[in-house]
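K.L.:
Fold the following and give me the result.
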Amino acid sequence: MAGERKYFGTDGVRGKVGQYPITPEFIMKLGWAAGRVLAQCQGDQSKVLIGKDTRISGYMFESALEAGLSATGVDIMLLGPMPTPGIAYLTRTLRADAGIVISASHNLHYDNGIKFFSAQGQKLADKVELAIEAELDKPMETVESDRLGKASRVIDAAGRYIEFCKSTVPSRISLEGLKVVVDCAHGATYDIAPKVFEELEAEVITIGAKPDGLNINDGCGSTRPETLQQMVREQGADLGIALDGDGDRVILVDHKGELVDGDEILYVIASACIGKPEFRNGVVGTLMSNLGLEHALAEKGITLHRAKVGDRYVMEMLQQEGLCLGGESSGHIICLERTTTGDGIVSALQVLAAMVEQGVSLHELKSGMTKYPQTMINVHTGQRFDFSASPEVASSQQEIEAQLNGRGRVLLRASGTEPVIRVMVEGQDADEVGQCARYLAQKVESAYQNSHP
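P.N.:
Predicted coordinates:
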């Protein structure tokens, strides 16, 4: 089904601003196509929320979506700058038929994208995305003037989402006495995230909270946490929180300035959930989740289920297995018993709650997990290459797996967007891991050359 999509990727439509399809004309047509599908599914009068991050092109695409939706008779509620998970939450609670996010997440300002949430605050089903794509191939029509959609602004959107975030930790939890540095990546959380932690009584130092339309994710946030690490050490803070531009990812920094990635965050939250009725001693990671996470969880009687890379696939496996916690190394953590999508603020709050309840530092909470050294090598091929059909690659992989003998893991994966084979080896010994990865990468390259003389 996914292969039939023309415009939608695993996370909506995304690209460079001004280059097709991220143009005003296409985005207006996309809004129109989405409105047509909603009108067919919901009938009159459908209602759609639109929120955005802080990149300058958001103004342009907000107007384009508004025009396209209005032309189909759909009413629009504008949220302004709002974290992606906040848009998912408000789509549910305001009883909208869909939510639209204008964001390119952790990318820089020159990229942008559109992603959709269903009325339940989850990503659209495949059949709905395909129905929208089918409408895109039709000529654009406008309903009669008396049926055009109206636009209004939700003035209390931020306050509603702040209260929701606070509600995801027990009311007895106070962050009083904790000093927290929050890096908002000059993105959608710039006003909301500091208030959440302040209202829970933490002492908050905020960085990356002066968006100018061009500085989103630029040298800051979850993809560039170096400044946050330095600030945590200088300020003697208990914790650093690095969000990305749209607020659905988080990377933490402990009081020593050490990074705490998504795998370690999953470990900390899962450990704190043991014994809770909703937690079924299972966590969903991905093929790229560190082997150290799998072993550390196993020691606590928790099974790690591995999904394909991408939060869409993590969510699918959570639902299939009936589990409530999953995520990726990048810091995209889904706490399904709290919300319907990845949420950086909510995930950080679960870690802070564990610190408060157990009376220990983040450094101590993560100490039960040892990350294994990991080496990733990208083997560039001139065209698509089915490495799984190569006996040479298969025997080399078996050889490395036998050498590691349970002390490590091998993963070969074709990129979904470019002609690249990703060769990943991880294990207990960094030198051995590096040697194995280089050997296997050479074998993959050799097999490709032999198959394309």
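K.L.:
Run through who's touching stretch 306-316.
P.N.:
10-11, 122-123, 248, 284-289, 317, 326-328, 332, 334, 341-342, 413 (C-beta atoms under 8 Å, 6 or more residues apart in numbering). C-beta coordinates here come from the backbone N, C-alpha and C atoms, glycine included.
K.L.:
From the residues you listed, which land in strands?
P.N.:
284, 285, 286, 326, 327, 334, 413 (DSSP state E).
K.L.:
Helices of the stretch 201-350 of the chain, start to end?
P.N.:
226-235, 262-273, 291-299, 311-321, 344-358 (DSSP state H, counting those that start in this stretch).
K.L.:
Farthest-apart pair in the ones in strands among the contacts of stretch 306-316, please.
P.N.:
Farthest-apart pair in the ones in strands among the contacts of stretch 306-316 is 334 and 413; separation 21.5 Å (C-beta to C-beta).
K.L.:
what's near enough to touch the spatially closest residue to residue 211 that is not a sequence neighbour?
P.N.:
Once flanking residues are discounted, residue 211 sits nearest to residue 54: 3.7 Å by C-beta to C-beta, 6 or more residues apart in numbering. By C-beta under 8 Å, 6+ apart, the contact list for residue 54 reads 81, 186, 187, 188, 190, 211, 213, 216, 245.
K.L.:
Now which of these would you call buried?
P.N.:
Neighbour-count burial (16 or more other C-beta atoms under 10 Å) applied to the contacts of residue 54 gives 81, 186, 187, 188, 190, 211, 216, 245.
K.L.:
that older thread, now list the buried members of the ones in strands among the contacts of stretch 306-316.
P.N.:
For the ones in strands among the contacts of stretch 306-316, buried by 16+ other C-beta under 10 Å: 284, 285, 286, 326, 327, 334, 413.
K.L.:
So for the residue nearest to residue 211, what's the pLDDT?
P.N.:
If you check residue 54, the pLDDT there is 98.
K.L.:
Ok, residue 11 next?
P.N.:
Note for residue 11: predicted pLDDT of 82.
K.L.:
where does this structure dip in pLDDT?
P.N.:
Counting by pLDDT under 70, the chain shows low-confidence ranges at 1-4, 42-44, 416-417.
K.L.:
Would you mind splitting it into its domains for me?
P.N.:
Domains of the chain are assigned by automatic domain parsing as 2-155, 160-366, 374-451.
K.L.:
residue boundaries of the helices in the stretch 51-200 of the chain?
P.N.:
57-71, 84-93, 126-136, 157-167, 192-199.
K.L.:
So which of those helices is the most surrounded?
P.N.:
helix 84-93 (a mean of 25; mean count of other C-beta atoms under 10 Å).
K.L.:
which residues are contacting that one?
P.N.:
Taking C-beta under 8 Å, 6+ apart as the rule, helix 84-93 contacts 49, 51, 53, 79, 82, 96, 98-101, 103, 105, 115, 117-122, 154, 157-158, 160-161, 164, 188, 192, 246-248, 339-346.
K.L.:
I'd like to know which of the residues you listed are buried.
P.N.:
When the contacts of helix 84-93 are checked against 16+ other C-beta under 10 Å, the ones flagged as buried are 49, 51, 53, 79, 82, 96, 98-101, 103, 105, 115, 117-119, 121-122, 154, 157-158, 161, 164, 188, 192, 246-248, 339-346.
K.L.:
I'd like the helices of the stretch 51-200 of the chain written out as a markdown table, with distance to residue 31 added.
P.N.:
Output for these, formatted as a markdown table (distance: least, C-beta to C-beta, whole Å):
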| stretch | distance to residue 31 |
| --- | --- |
| helix 57-71 | 3 |
| helix 84-93 | 15 |
| helix 126-136 | 10 |
| helix 157-167 | 20 |
| helix 192-199 | 25 |
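K.L.:
Nearest residue to residue 108 in space, ignoring adjacent ones along the chain?
P.N.:
Nearest residue to residue 108 in three dimensions, chain neighbours excluded: residue 217, at 5.6 Å (C-beta to C-beta, 6+ apart).
K.L.:
Would you work out how far apart the start and end of stretch 119-130 are?
P.N.:
17 Å (C-alpha to C-alpha, to the nearest Å).
K.L.:
what's the answer for stretch 321-341, then?
P.N.:
17 Å.
K.L.:
With stretch 329-348 instead?
P.N.:
Start to finish, the residues bounding stretch 329-348 are 14 Å apart (C-alpha to C-alpha).
K.L.:
Now find how far off-centre that stretch is within its chain.
P.N.:
Centroid separation for stretch 329-348 versus its chain: 8 Å, with C-alpha atoms, centre = their mean, to the nearest Å.
K.L.:
circling back to that earlier point, which of the contacts of residue 54 sits closest to residue 65?
P.N.:
Distances from residue 65 to those, taken as C-beta to C-beta, are shortest for residue 81 (15.1 Å).
K.L.:
Pull the contacting residues for the closest one.
P.N.:
Applying C-beta under 8 Å, 6+ apart, the residues contacting residue 81 are 51, 52, 53, 54, 58, 188, 190, 191, 211.
K.L.:
and if we set it to 7 Å?
P.N.:
Neighbouring residues of residue 81 by C-beta atoms under 7 Å, 6 or more residues apart in numbering: 52, 53, 54, 188.
K.L.:
out of the helices of the stretch 51-200 of the chain, which comes closest to residue 364?
P.N.:
helix 192-199 (20.6 Å).
K.L.:
Just put the contacts of residue 81 in CSV and tack on distance to residue 23.
P.N.:
Shown next, in CSV, are these (distance: C-beta to C-beta, whole Å):
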residue, distance to residue 23
52, 17
53, 19
54, 20
188, 22
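K.L.:
Looking at the residues you listed, which is nearest residue 197?
P.N.:
Nearest to residue 197 among those, with distances taken as C-beta to C-beta, is residue 188, at 16.0 Å.
K.L.:
So that closest one sits against residue 80, correct?
P.N.:
No. Under the criterion of C-beta atoms under 7 Å, residue 188 makes no contact with residue 80, lying 9.5 Å away.
K.L.:
So for the longest helix belonging to the chain, what gets flagged as buried?
P.N.:
Scanning the chain for the helix with the most residues, using DSSP state H, yields helix 430-451. Neighbour-count burial for helix 430-451, counted by 16+ other C-beta under 10 Å, picks out 432-434, 436-437, 439-441, 443-445, 447-448.
K.L.:
same deal with stretch 309-326?
P.N.:
309-318, 321, 323-326.
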